[in-house]
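Enquirer: my questions are about this predicted structure, shown below with the sequence.
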Amino acid sequence: MNDNDLFEAETAALNSAYDVISKDDASGDEYRIALDNLAKDFHRLMRETRRLIARSDRKELELNTLNFKLEQLTSELDYKARHDNLTGVLNRGAVFDQAEHYLKSNPLSLIVLDIDFFKRINDEFGHPTGDAVLRELVKKLKSSLNGVGEIGRVGGEEFTVLLPNISLDDAIEIAENVRLAIAAETFTCFPRPHVTASFGISWSDTNCDFENAYGRADAALYKAKHNGRNRVEADISILQLTTLEPQQLANENFSTLG
Ligand SMILES: Nc1nc2c(ncn2[C@@H]2O[C@H](COP(=O)(O)OP(=O)(O)OP(=O)(O)O)[C@@H](O)[C@H]2O)c(=O)[nH]1
């Protein structure tokens with residue numbers, strides 16, 4: 001469709017107006033009719049333009065609303081992709097991403113904790129009670145960490161706390177406080193007196209591979225389980241690098257807290 005088709009009536013009115021103007025002997029009536037036609041078309045064009053503007057304003061508003069909803073949905077999806085839907089903390093993928101991000105420019109202490117005998121809780125009281133224990137554990141973790149570090153869930157009943165720029169000694173103290181807070185109070189969702197957890201900690205310098213940091217913390221956790229549970233164990237192999245000869249390193253692995 002070209003402009004002439006779209007404005008056929010207006011073009012005709014305009015052409016007859018030009019005809020009248022170009023005539024030396026055009027009468028007053030001819031001028032009046034040409035002007036009248038132009039006025040009618042001009043009026044119609046104004047009305048149509050107003051209608052189009054109103055319609056395009058409405059469409060723009062609808063588009064803005066849709067864009068807003070799309071942005072909300074994108075950030076909800078992004079949040080869901082990075083968080084555990086049972087407890088709301090970072091999920092395994094996000095823990096790894098975040099830790100690798102920190103390690104690019106910071107040293108990092110990592111706490112890995114695992115609820116003791118969680119299978120028994122599930123077996124004796126059912127999966128929904130087990131789920132409630134997981135949620136309540138996260139609440140206790142949050143309140144005892146009081147904003148320090150970032151909590152993640154890396155497996156069924158295994159959680160992590162990322163502590164960038166926190167020394168191993170401080171991380172051990174933090175883990176001890178969390179351990180005591182969990183063991184000290186009864187869980188409201190669980191009729192037995194105590195839920196406990198075991199803790200493994202590693203410290204890694206900037207640029208350390210997170211798989212390595214996680215592996216060392218997990219090995220320390222295994223040791224905590226092996227040594228009786230409800231306890232904190234820290235990997236000190238990295239610290240030993242500066243003080244021990246290679247021969248000694250082969251024999252030394254972990255330190256144990258009381
Ligand atoms: N309720 C619930 N249970 C889960 C979930 N994910 C994993 N589990 C359960 O967690 C339990 C883990 O059991 P185990 O690996 O034997 O560990 P544990 O009984 O805690 O024993 P220790 O770790 O050695 O003290 C299994 O019974 C899993 O079914 C979950 O999302 N909700």
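Expert: Received the coordinates, thanks. Numbering: from 1, shown residues only.
Enquirer: roughly how far does the residue nearest to the spatial centre of the chain sit from the ligand?
Expert: For the chain, residue 79 is the residue whose C-alpha lies nearest the centre (Cα atoms, centre = their mean; 3.5 Å). Relative to the ligand, residue 79 is positioned 19 Å away (Cβ to the nearest ligand atom, to the nearest Å). Any C-beta I mention is one placed from the backbone N, CA and C, and that applies to glycine too.
Enquirer: list the residues that contact that residue.
Expert: Taking Cβ atoms under 8 Å, 6 or more residues apart in numbering as the contact definition, residue 79 lies against nothing.
Enquirer: what about the chain, any weak spots by pLDDT?
Expert: In the prediction, the chain carries residues with pLDDT under 70 at positions 1-4, 193, 238-258.
Enquirer: how about the strands in it?
Expert: According to DSSP state E, the chain carries its strands in the segments 108-115, 150-153, 158-164, 197-204, 232-235, 254-256.
Enquirer: send me the first one as CSV with only the CA atoms.
Expert: Taking C-alpha atoms only, strand 108-115 is exported to CSV below (Å, rounded to 0.1, in the frame of the first residue of the first chain):
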residue,chain,number,x,y,z
LEU,A,108,38.5,-18.9,51.4
SER,A,109,37.6,-21.0,54.5
LEU,A,110,35.0,-23.7,53.8
ILE,A,111,32.8,-25.4,56.4
VAL,A,112,31.0,-28.6,55.3
LEU,A,113,28.5,-29.9,57.8
ASP,A,114,26.3,-33.0,57.8
ILE,A,115,23.5,-33.9,60.1
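Enquirer: which residues touch the residue in the stretch 151-258 of the chain that the ligand sits nearest to?
Expert: The stretch 151-258 of the chain approaches the ligand most closely through residue 156 (2.4 Å), counting by Cβ to the nearest ligand atom. Under the criterion of Cβ under 8 Å, 6+ apart, the contact list for residue 156 reads residue 118.
Enquirer: this structure - how does it break down into domains?
Expert: 3-79, 92-256 (automatic domain parsing).
Enquirer: please identify the most buried of these.
Expert: Neighbour counts (mean count of other Cβ atoms under 10 Å) averaged over each of the domains of the chain peak at domain 92-256, with a mean of 17.
Enquirer: coming back round to it: mind putting the strands of the chain in TSV, distance to the ligand included?
Expert: TSV is the format used below for these (distance: least, Cβ to the nearest ligand atom, whole Å):
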stretch	distance to the ligand
strand 108-115	5
strand 150-153	9
strand 158-164	8
strand 197-204	7
strand 232-235	14
strand 254-256	17
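Enquirer: got CSV for these, with distance to residue 219 too?
Expert: Conversion of the strands of the chain to CSV gives the following (distance: least, Cβ to Cβ, whole Å):
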stretch, distance to residue 219
strand 108-115, 10
strand 150-153, 19
strand 158-164, 14
strand 197-204, 7
strand 232-235, 7
strand 254-256, 7
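Enquirer: out of the ones you listed, nearest to residue 100?
Expert: Closest of the strands of the chain to residue 100 is strand 108-115, at 9.6 Å (criterion: Cβ to Cβ).
Enquirer: the nearest residue to residue 221 once chain neighbours are set aside pairs with what?
Expert: Spatial nearest neighbour of residue 221, chain neighbours left out: residue 200 (2.9 Å); criterion: Cβ to Cβ, 6 or more residues apart in numbering. Residue 200 has these beta-bridge partners by DSSP bridges: residue 112, residue 233.
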